[in-house]
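Peer 1: heads up, no residue letters with this:
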C-alpha cells in the first residue's frame with residue numbers, strides 16, 4: 001500500500017483477530033498510526049486514552065453490534081466511522097448510514113479500497129470544498145439556532161448542544177452557505193462529499209432526514225429544510241454568518 005502524508009490515528013474494531021492484524025499492518029505501512037479493539041468495551045478503552053481520527057467499525061460484533069456502537073458514538077462525538085460487514089444487504093447499508101456512519105464497505109474487500117475510502121472520508125472531514133467559501137466562517141445563526149463550525153456542533157434555541165455526525169456537519173455547512181437556494185441532490189453530494197451523485201444512491205436523502213430530525217419542530221411540516229418537488233432541498237430561513 002502506498003505511503004500517505006498526514007499522521008492520522010485510526011482505530012480498527014473487529015472481533016476477527018486475523019482481520020485486525022492484517023488491517024493494522026497494511027494501514028501502518030500506508031503511514032497511519034493504528035490502534036485495534038475486539039469489541040465495544042475495547043473501543044471505549046482506546047477512545048478514553050488517545051485521540052482517534054477515524055474508526056473502522058465491524059457491524060457484527062459480539063455483545064454490542066456495530067450499529068449500536070455507531071449510534072452511541074454519534075451521541076457524543078463527530079469522529080468519522082466506516083462500517084464493515086460480511087453481509088452486502090442494502091438494508092445493512094441503510095441502517096449504518098442512518099446510525100451516522102460516514103461510509104460503508106462489505107466484506108470481502110481489497111485493503112486498497114478501504115485505504116481509498118479512509119483517505120476520502122478524512123479529506124471530506126477536514127477540508128472545505130473549494131467551491132464552499134468563504135473559509136473564514138466560524139459561526140452561523142438562523143432561527144435562534146447557532147451552528148458552531150469551530151467546535152463542530154449545533155446549539156438549539158434552548159441552549160442545548162446537539163452533536164452532529166461528520167456527514168451531518170458537512171451537509172449543514174452546505175445549507176447555511178447556500179441558504180434560501182434550492183440545491184439538487186447532485187449539488188448536495190458534490191458540495192458535501194466531493195463525489196459524483198448516483199441516481200440509485202439515496203444516502204443523501206437519509207442524511208437530510210437525520211439533519212431534519214435534529215432541527216425538529218421548526219419551520220412547519222418539513223422543518224427548516226424544505227423539500228422542493230423534482231428539484232431538491234432548501235434551507236428556508238435567514239442565516240447570519242460570522
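Peer 2: Alright, I've got the coordinates. It should be emphasised that the depicted structure is a prediction, and the values quoted were computed from it without experimental measurement.

Peer 1: helices and strands of the chain: which one bottoms out on pLDDT?
Peer 2: helix 90-98 (a mean of 60; mean pLDDT, DSSP states H and E).

Peer 1: what stretches of the chain score poorly on pLDDT?
Peer 2: Within the chain, the ranges that satisfy pLDDT under 70 run 1-6, 75, 87-100, 125-136, 194-201, 217-222.

Peer 1: other SSEs contacting the helix ranked longest in the chain?
Peer 2: Secondary structure of the chain read by DSSP state H shows that its longest helix is helix 111-126. If you count contacts as 3 or more CB pairs under 8 Å, 6 or more residues apart in numbering; DSSP states H and E, helix 111-126 packs onto helix 17-29, strand 54-58, strand 81-85, strand 103-106, helix 166-177, helix 185-193. Quick note: C-beta positions are derived from backbone N, CA and C, even for glycine.

Peer 1: repeat that for 10 Å
Peer 2: In terms of contacts (3 or more CB pairs under 10 Å, 6 or more residues apart in numbering; DSSP states H and E), helix 111-126 is packed against strand 9-13, helix 17-29, strand 54-58, strand 81-85, strand 103-106, helix 166-177, helix 185-193.

Peer 1: in TSV: the ones you listed, plus mean neighbour count and distance to residue 67.
Peer 2: Output for the helices and strands packed on helix 111-126, formatted as TSV (neighbours: other CB atoms under 10 Å; distance: least, CB to CB, whole Å):
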stretch	mean neighbour count	distance to residue 67
strand 9-13	22	13
helix 17-29	15	19
strand 54-58	25	9
strand 81-85	24	8
strand 103-106	20	11
helix 166-177	23	16
helix 185-193	20	22
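
Peer 1: and residue 42, which of those is closest to it?
Peer 2: Within those, the stretch nearest residue 42 is strand 9-13; the backing value is 7.3 Å (CB to CB).

Peer 1: okay, now the sheet partners of that closest one, with direction.
Peer 2: strand 33-37 (parallel), strand 54-58 (parallel) (DSSP bridges).

Peer 1: how is this structure partitioned into domains?
Peer 2: Domain assignment for the chain, taken from the TED database, gives 7-124, 137-239.

Peer 1: just how off-centre is the longest one within its chain?
Peer 2: Using CA atoms, centre = their mean, to the nearest Å, the mean C-alpha position of domain 7-124 is found 12 Å from that of the whole chain.
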